[in-house]
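J.: the sequence and its predicted three-dimensional model are supplied below.
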Amino acid sequence: MSTSKVLPVAPGDLETLAKHYGTPLQLYDEKTILDAISRLYSAFRSAGFKCFRNFYAVKALPNPAILSLVKAAGCGFDCSSRTELQIASQLGARGDDIMYTSNFTSEADLRLALQLNAIINIDDVSVLDTLLRVRGKQGCPSLLCFRLNPGVGKTASDGTQSNVLGGPQSKFGMSSDVIVEAFKRAHAAGARRFGIHMMVRDL
């Protein structure tokens, strides 16, 4: 498979743009973005996942113009902070358009996610406690997701410990025994549909 890249503008156009807008200047190619989304959806749906939907990680590129583009192409938003939730809201995203996956979640941020009817993806069992406290007699939302740490994979080769992304020491997700109890508690509190999220690195 070829890994060659084609520049979407002529070299002379780059000079013109740089003179007009100044540098540094970032350019995004709409066709390339839409083609990538189309290929992603086609791959999953041709494999039988007819209801597949991608949730674009807002943190990857919180540019409203790009986010509007991916939203129009059928993607939802994966938000991990209050700012990202606010951006998604300003772009008209609500409910099933938003997956809220956070780390060290504040009660205020969780309240905003609930206000937007976002799909809550719980990273730590303590967030379930916060959710139940905030919701009170309402209990759990009918749909709730949990992030699993499967205990496999490893982090970056430089040995950085502040952001361990994979393996048993990952700061993301719950171990299998903890997540089972979390599912049971959520079900007892009213959740009836469940999702599971997992991130591993360099298996």
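T.: Structure received. Numbers count the residues shown, from 1 in each chain.
J.: show me the shaky parts of this structure.
T.: 1-4, 153-171, 200-203 (pLDDT under 70).
J.: tell me the centre residue of it?
T.: Nearest to the mean C-alpha position of the chain, counting by Cα atoms, centre = their mean, stands Asp78 at 2.8 Å.
J.: distance of that one from Leu17?
T.: 31 Å (Cβ to Cβ, to the nearest Å). C-betas here are computed from N, CA, C, even on glycine.
J.: before we move on, what about Leu40?
T.: 29 Å.
J.: repeat for Leu128
T.: 49 Å.
J.: buried residues of the longest helix seen in the chain, list them for me.
T.: The residue-count maximum for a helix in the chain (DSSP state H) belongs to helix 30-46. By 16 or more other Cβ atoms under 10 Å, the buried positions in helix 30-46 come out as Ile37, Tyr41.
J.: which secondary structure elements does that helix sit against?
T.: Applying 3 or more Cβ pairs under 8 Å, 6 or more residues apart in numbering; DSSP states H and E, we find helix 30-46 packed against helix 64-72.
J.: how many degrees apart are the helix it packs on and helix 30-46 in direction?
T.: 30 degrees (axes from the mean of the first three to the mean of the last three Cα atoms, to 10 degrees).
J.: against which helices or strands is helix 64-72 packed?
T.: Using 3+ Cβ pairs under 8 Å, 6+ apart, helix 64-72 sits against helix 30-46, helix 82-90.
J.: switch to 10 Å and redo it
T.: For helix 64-72, the packing partners by 3 or more Cβ pairs under 10 Å, 6 or more residues apart in numbering; DSSP states H and E come out as helix 30-46, strand 55-57, strand 76-79, helix 82-90.
J.: now those as CSV including distance to Leu67?
T.: Shown next, in CSV, are the helices and strands packed on helix 64-72 (distance: least, Cβ to Cβ, whole Å):
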stretch, distance to Leu67
helix 30-46, 11
strand 55-57, 7
strand 76-79, 7
helix 82-90, 7
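J.: with Asp96 as the reference, name the closest of these.
T.: With distances scored as Cβ to Cβ, the stretch of the helices and strands packed on helix 64-72 nearest to Asp96 is strand 76-79 (6.9 Å).
J.: can you pull the buried residues of that closest one?
T.: Gly76, Phe77, Asp78, Cys79.
J.: reformat those residues as CSV; add distance to Arg53.
T.: Formatted as CSV, the buried residues of strand 76-79 follow (distance: Cβ to Cβ, whole Å):
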residue, distance to Arg53
Gly76, 6
Phe77, 11
Asp78, 11
Cys79, 15
